[in-house]
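Asks: Could you look at this predicted model? Sequence included:
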Amino acid sequence: MRFERSSGVLLHPTSLPGPFGIGDFGGEARRFVDFIAAAGQTFWQIMPLTPPGYGGSPYASTSAFAGNVNLISPRNLVAMGLLDEGDIDHPPAFPVDLTDHGQVIAYKSELLEKAFHHFKGRVQGDQELARDYERVLALTSSWLDDYALFAALKDRHGGAAWWTWEPALARREPGGMAKARRALGDRLEAHRFFQYLFLRQWLDLKSYASARGIRVIGDMPLFVAHDSADVWARPYLWKIDAEGRPTVVGGVPPDAFSATGQLWGSPLYHWERLREEGFGWWIDRMRETLKMVDVVRLDHFRGFAACWEVPANHETAEHGSWIAAPGRALFRAMMDTLGGDLPIIAEDLGTITDDVHELRDAFGFPSMRVLQFAWSGDPHNPHLPHEYTTNVVAYTGTHDNDTVVGWFAHRSGESATEAERLERARCLRYLGTDGSDINWDFIRVIQMSIADVSIVPLQDVLGVGSAGRMNTPGRAEGNWSWRFRPEALTDEARDRLRTNTQIYGRLPEGGPTPS
């Protein structure tokens, strides 16, 4: 699928401001949509909306389908009559600039339980609410029953991993499953209700964005967490043993981010079994994701050509091997079932071989370029703007990079290596700048390029330093927590972004032409 010349902003909803410890789908989300729409943007790129894993990571989710209920807006629950004003008047003293995920989970869980209690008291006599509940949950028919039971069982087992549960439940024996459903009926309905709230609020927000000309780019990780509803429900689709433990896990070999590679610990797909089933699980996953977003960025796209497979008992990803994956057959099956071209962006960063390029180009998926990776000294480095092709999505940086200001400051400091100082010098020479406005230099260059789409993290629009970095690959803690303050969305930043967008012909169709 090809895109018109356009641009957008990358921001995960958790980074929105507000008094409840984490960004949510309430008023600040609409204010952000208004900001990027007024700035002439076409896209809002987010990270996965699924339940986060350890440390708040949206890339190690307990479900490939369910939503992160911590994003539910308490104020919207008051507006629905499911909470009272007094329930949210005095939230804890949350950090202003960061998300404390543990504190947020405890607070939001209490609010959601109160909302569920009010819902149970109202739904029998409120036909409008009952109809809305059934209407929204009709979107979830392929996955909600498994997820609700998994989540209820996790509650009953104090969060313990599914393969440690009693065998009748870990192995989903029919008798044990039927008994659990009877015993946990109220908890099953609670988790169904939480997903109703998530879906209702997100789809309302997405509709608000669509009405303002903003399309949402979502993100689909290649892998799911071992301790997930998906692996528990269909263990035969992953390479795990009879005890439910992975025999091999995914990751990437050593690269610019890590000298020992990245060991993700995610179980790898049993691709032949998926193929035998017509890739049904993957088709369902894509279908459900496209109900939530307009475009899907496939994270770790190279894994659809071959996956880096590491024995599960290894402590680093250094000693693995590439195992072929049937990406061509998978995408063909998706297109045949879902119809036509798929709105996919291929995250083809890192160790990329010819088979990855061939797979991407066979389906016409746009490629990614990241300006921070451009300064190796090779004049044909594909991340240099003069090397771009049109079917490209160009970024100043991604959620795995430092912010542009932080990246540049590090290469200007005393701790910078000689190689990093050379990168800085090449960057300044290429951009023809002194670096005093480096984030806008980066924005200008990717917007000027011939790439069909340019995407800028909000941190780079705001000129935030390394404190705004979302993720440092390989670091176990301290990620996924940055939040901006409401006063950061200034008229000056909005107007400057719009001016750049206008000058380089990226305003949405019907917008003003440069003067």
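Replies: Done, it's in.
Asks: Who does the lowest-mean-pLDDT helix or strand in the chain pair with, and is each partner parallel or antiparallel?
Replies: Least confident helix or strand, the chain: strand 262-267 with a mean of 88, by mean pLDDT, DSSP states H and E. Strand pairing for strand 262-267, using DSSP bridges, gives strand 248-252 (antiparallel).
Asks: Does Trp322 lie in a helix or a strand, and which?
Replies: strand 321-324 (DSSP states H and E).
Asks: repeat for Ser61
Replies: Secondary structure assignment for Ser61, by DSSP H and E: no helix or strand.
Asks: Give me the pLDDT for it.
Replies: Confidence at Ser61, expressed as pLDDT, is 94.
Asks: nearest residue to it other than its sequence neighbours?
Replies: Nearest residue to Ser61, sequence neighbours excluded (Cβ to Cβ, 6 or more residues apart in numbering): Thr50, at 3.8 Å. Backbone N, C-alpha and C define where each C-beta goes, glycine included.
Asks: For the closest residue to His357 other than its chain neighbours, what is the enclosing helix or strand?
Replies: Closest residue to His357 apart from its sequence neighbours, by Cβ to Cβ, 6+ apart: Asp348 at 7.6 Å. Using DSSP H and E, Asp348 sits in no helix or strand.
Asks: does Asp348 really touch Phe301, like I thought?
Replies: Yes - between Asp348 and Phe301 there is a contact under Cβ atoms under 8 Å: 5.0 Å.
Asks: so what sits against both of those two?
Replies: Taking Cβ atoms under 8 Å, 6 or more residues apart in numbering as the contact rule, Asp348 and Phe301 both touch Val356, Arg360.
Asks: ok, the two, which is more surrounded?
Replies: Using other Cβ atoms under 10 Å, the more surrounded residue of Asp348 and Phe301 is Phe301, with 24 against 21.
Asks: can you pull the buried residues of the very next helix or strand once past the strand holding Trp322?
Replies: Counting by DSSP H and E, the next helix or strand C-terminal to strand 321-324 is helix 327-338. For helix 327-338, a neighbour-count test (16 or more other Cβ atoms under 10 Å) marks Gly327, Leu330, Phe331, Ala333, Met334 as buried.
Asks: Tell me where the model's unsure across the stretch 351-500 of the chain.
Replies: For the stretch 351-500 of the chain, not a single residue meets the criterion pLDDT under 70.
Asks: Helices of that one, start to end?
Replies: Using DSSP state H, counting those that start in this stretch, the helices found in the stretch 351-500 of the chain span residues 354-362, 404-412, 418-431, 438-448, 458-462, 491-503.
Asks: thinking again about what came up before, give the next helix or strand downstream of the least confident helix or strand of the chain.
Replies: Following strand 262-267 toward the C-terminus (DSSP H and E): helix 271-276.
Asks: what does that following helix rub up against?
Replies: With Cβ under 8 Å, 6+ apart, helix 271-276 has contacts from Tyr236, Leu237, Trp281, Trp282, Ala325, Pro326, Ala329, Leu330.
Asks: For the residues you listed, work out which two are farthest apart.
Replies: Tyr236 and Ala329 (18.8 Å; Cβ to Cβ).
Asks: Got phi/psi on Gly244?
Replies: Main-chain torsions, Gly244, degrees, to the nearest 10: phi 90, psi 10.
Asks: Distance check, it against Trp238.
Replies: Distance, Gly244 to Trp238, by Cβ to Cβ, to the nearest Å: 10 Å.
Asks: got it, and Pro326?
Replies: 15 Å.
Asks: what do you get for Asp24?
Replies: 33 Å.
Asks: The two: which is more packed in?
Replies: Asp24 (26 against 23).
Asks: And the more buried one, its phi and psi?
Replies: Asp24 adopts backbone torsions of phi -150, psi -170, taken as degrees, to the nearest 10.
Asks: ok, it to Tyr196 distance?
Replies: 16 Å.
Asks: And for Ile345?
Replies: Ile345 sits 30 Å away from Tyr196, going by Cβ to Cβ.
Asks: on that earlier part again, the residue nearest to His357: what's it in contact with?
Replies: Counted by Cβ under 8 Å, 6+ apart, Asp348 has contacts Phe301, Arg302, Val356, His357, Arg360, Ser367, Met368.
Asks: quick one: contacts for the second one?
Replies: Arg302 makes contacts with Asp348, Gly350, Thr351, Ile352, Thr353, Val356, as judged by Cβ under 8 Å, 6+ apart.
Asks: What strand or helix carries the second one?
Replies: What it means is Gly350. Gly350 belongs to no helix or strand when assigned by DSSP H and E.
Asks: wait, doesn't it sit right on Val252?
Replies: Yes - with contact defined as Cβ under 8 Å, Gly350 counts as touching Val252 (6.0 Å).
Asks: Please identify every residue contacting each of these two.
Replies: In contact with both Gly350 and Val252: His300, using Cβ under 8 Å, 6+ apart.
Asks: can you pull out the strands in this protein?
Replies: Assignment of strands within the chain using DSSP state E yields the ranges 6-10, 43-45, 215-220, 248-252, 262-267, 295-298, 306-311, 321-324, 344-346, 367-370, 392-395, 453-457.
Asks: so which of the ones you listed gets nearest Thr501?
Replies: The closest of these to Thr501 is strand 6-10. By Cβ to Cβ, the value is 5.5 Å.
Asks: Run the angle between that closest one and helix 491-503 for me.
Replies: 150 degrees (axes from the mean of the first three to the mean of the last three Cα atoms, to 10 degrees).
Asks: check contacts around the closest residue to Arg192 other than its chain neighbours.
Replies: Nearest-residue entry for Arg192: Ala148, 5.1 Å, with adjacent residues in sequence omitted and distances by Cβ to Cβ, 6+ apart. Ala148 makes contact with Leu188, Glu189, His191, Arg192, Gln195, according to Cβ under 8 Å, 6+ apart.
Asks: Turn those residues into CSV, including distance to Gly86 and neighbour count.
Replies: Below are the contacts of Ala148 laid out as CSV (distance: Cβ to Cβ, whole Å; neighbours: other Cβ atoms under 10 Å):
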residue, distance to Gly86, neighbour count
Leu188, 29, 20
Glu189, 25, 16
His191, 26, 23
Arg192, 27, 19
Gln195, 26, 24
